[in-house]
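Trainee: following is a predicted model, sequence given first.
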Amino acid sequence: MKTLPGLCQLLKRVKICWKRARQHVHSPDVYYVEKLCSIRINLLALGYGMEFVFQDEFTFYRQPSLANAYAVAGKTQPLAELGWKGNYFWRIAATLSVFTGSVVFDMARQFDLARLTKFYQKVVRTFPNASVICMAQDNWPVHFHPNIMGALIPQKPKWPLHVPGNWPTTPDSKVKHLELPIQLFPLPTYASWCNPIEKLWKLLKQEVLHLHGYADDWDALKFTVENFLTEFSTGSNELLKYVGLADPTRIYHSIFDAPAGIPMLRY
């Protein structure tokens with residue numbers, strides 16, 4: 001084609017158009033399917049007195065994040081008003097119950113080994129009747145530190161747990177063996193879409209963090225975030241629908257779409 005109109009017609013004919021790219025990552029985990037199968041099978045096989053939760057950490061900042069918002073037509077734009085101080089951050093650790101939508105959370109400047117252990121204790125106290133709490137989480141190495149593992153019931157990982165090579169292989173002598181009834185299930189690496197609690201963070205951003213007006217009131221922002229999460233402390237069917245757990249038995253269901261029960265995952 002020697003003319004732009006001719007090239008345009010050719011592209012239309014072969015159904016090629018100008019598109020904006022989007023960020024994309026594919027999990028490199030060779031056990032991707034196996035890990036999701038394990039979570040699904042154990043969730044469906046839960047017995048009486050057992051609980052299943054998804055766990056994750058999240059960081060939010062003092063400065064508001066940008067997002068679309070309604071405004072008067074014309075040149076006027078919604079503004080994310082920035083404060084004059086530094087962009088402080090705060091961390092959240094939380095679990096989401098697969099069956100009730102209840103959220104257990106803790107907030108702190110950082111989650112070191114001691115703070116994460118205390119959070120796990122809080123999770124156990126929240127489910128006093130649970131003989132075992134199955135917890136699916138990502139592969140942040142701190143989750144598998146010997147001091148953390150030493151506070152839990154014995155773990156039997158089926159797959160390699162990736163931790164720094166200079167870490168100890170046994171808990172410190174001062175670590176209390178609390179025998180917390182938590183059984184860990186690692187999610188595939190670099191596969192945040194497999195963790196439904198990620199949509200809780202999405203909702204938090206939409207409802208609180210985008211364009212918030214607390215840039216000069218750090219305490220008020222933390223209080224607002226805490227109130228938002230507390231609303232789900234007793235459970236929420238609406239939250240379960242939002243995160244895709246309205247019917248927990250369908251989680252990762254496409255893994256079993258192949259004939260004869262052969263594990264398969266649609267990417």
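Mentor: Good, I have the coordinates. Numbering: from 1, shown residues only.
Trainee: chain center to the strand or helix carrying Gly6, what's the gap?
Mentor: For Gly6, the host element (DSSP states H and E) is helix 4-13. Averaging C-alpha positions (CA atoms, centre = their mean, to the nearest Å) puts helix 4-13 45 Å from its chain's average.
Trainee: averaged pLDDT, that helix. What do you get?
Mentor: Helix 4-13 carries an average pLDDT of 88.
Trainee: ok, then the element right after that helix?
Mentor: Read in the C-terminal direction, the helix or strand following helix 4-13 is helix 32-44, with elements assigned using DSSP H and E.
Trainee: now what about that following helix, what contacts it?
Mentor: Identification of contacts with helix 32-44 by CB atoms under 8 Å, 6 or more residues apart in numbering yields 29, 52, 98, 134, 136, 158-159, 185-188, 191, 194, 248-249, 251-253, 255-256, 263-265. For the C-beta atoms, the positions are set from N, CA and C on the backbone; glycine is no exception.
Trainee: so Met107 is in contact with Trp90, correct?
Mentor: Yes. The pair Met107 and Trp90 passes the contact test of CB atoms under 8 Å, sitting 6.1 Å apart.
Trainee: which neighbours do these two share?
Mentor: With CB under 8 Å, 6+ apart as the test, Met107 and Trp90 both reach Lys222, Val225.
Trainee: how many neighbours does His26 have?
Mentor: Counted with other CB atoms under 10 Å, the neighbours of His26 add up to 9.
Trainee: what is the orientation angle of the longest strand along the chain with helix 32-44?
Mentor: Secondary structure assigned by DSSP state E gives strand 50-61 as the longest strand of the chain. Using axes from the mean of the first three to the mean of the last three CA atoms, to 10 degrees, the inter-axis angle of strand 50-61 relative to helix 32-44 is 120 degrees.
Trainee: list the buried residues for strand 50-61?
Mentor: Of the residues in strand 50-61, those buried by neighbour count under the rule 16 or more other CB atoms under 10 Å are Met50, Glu51, Phe52, Val53, Phe54, Gln55, Asp56, Glu57, Phe58, Phe60.
Trainee: ok, stretch 227-236 next?
Mentor: Of the residues in stretch 227-236, Phe228, Leu229, Phe232, Ser236 count as buried by neighbour count, 16+ other CB under 10 Å.
Trainee: quick one: contacts of it?
Mentor: Where contact means CB under 8 Å, 6+ apart, the residues beyond stretch 227-236 that reach it are 92, 94, 97, 100-105, 200, 204, 207-208, 239.
Trainee: what residue is smack in the middle of the protein?
Mentor: Centrality entry for the chain: nearest residue to the mean C-alpha point is Glu198, 3.5 Å, by CA atoms, centre = their mean.
Trainee: what count of nearby residues applies to the nearest residue to it once chain neighbours are set aside?
Mentor: Beyond its immediate neighbours in the sequence, the residue positioned closest to Glu198 (CB to CB, 6 or more residues apart in numbering) is Ser192, lying 5.2 Å away. By the other CB under 10 Å criterion, the neighbourhood of Ser192 contains 14 residues.
Trainee: list the residues that contact Val103.
Mentor: Shown here is Val103, whose contacts under the criterion CB under 8 Å, 6+ apart are Ala94, Thr95, Leu96, Ser97, Leu200, Leu229, Phe232, Ser233, Leu239.
Trainee: so the first one: helix, strand or coil?
Mentor: It refers to Ala94. Per DSSP: H, G, I helix; E, B strand; the rest coil, the local secondary structure of Ala94 is strand.
Trainee: and the helices in the chain?
Mentor: Ranges of helices within the chain are 4-13, 32-44, 113-126, 146-149, 198-204, 218-230, 237-243, based on DSSP state H.
Trainee: nearest to Ala21, of the ones you listed?
Mentor: Each of these has some distance to Ala21 by CB to CB; the shortest is helix 4-13, at 17.4 Å.
Trainee: who are the packing partners of the closest one?
Mentor: Judged by 3 or more CB pairs under 8 Å, 6 or more residues apart in numbering; DSSP states H and E, helix 4-13 has no packing partners among the helices and strands.
Trainee: now for Pro196, how many residues are close by?
Mentor: Pro196 has 20 neighbours, counted by other CB under 10 Å.
Trainee: what's the first-to-last distance across stretch 163-178?
Mentor: Taking CA to CA, to the nearest Å as the measure, stretch 163-178 stretches 22 Å from start to finish.
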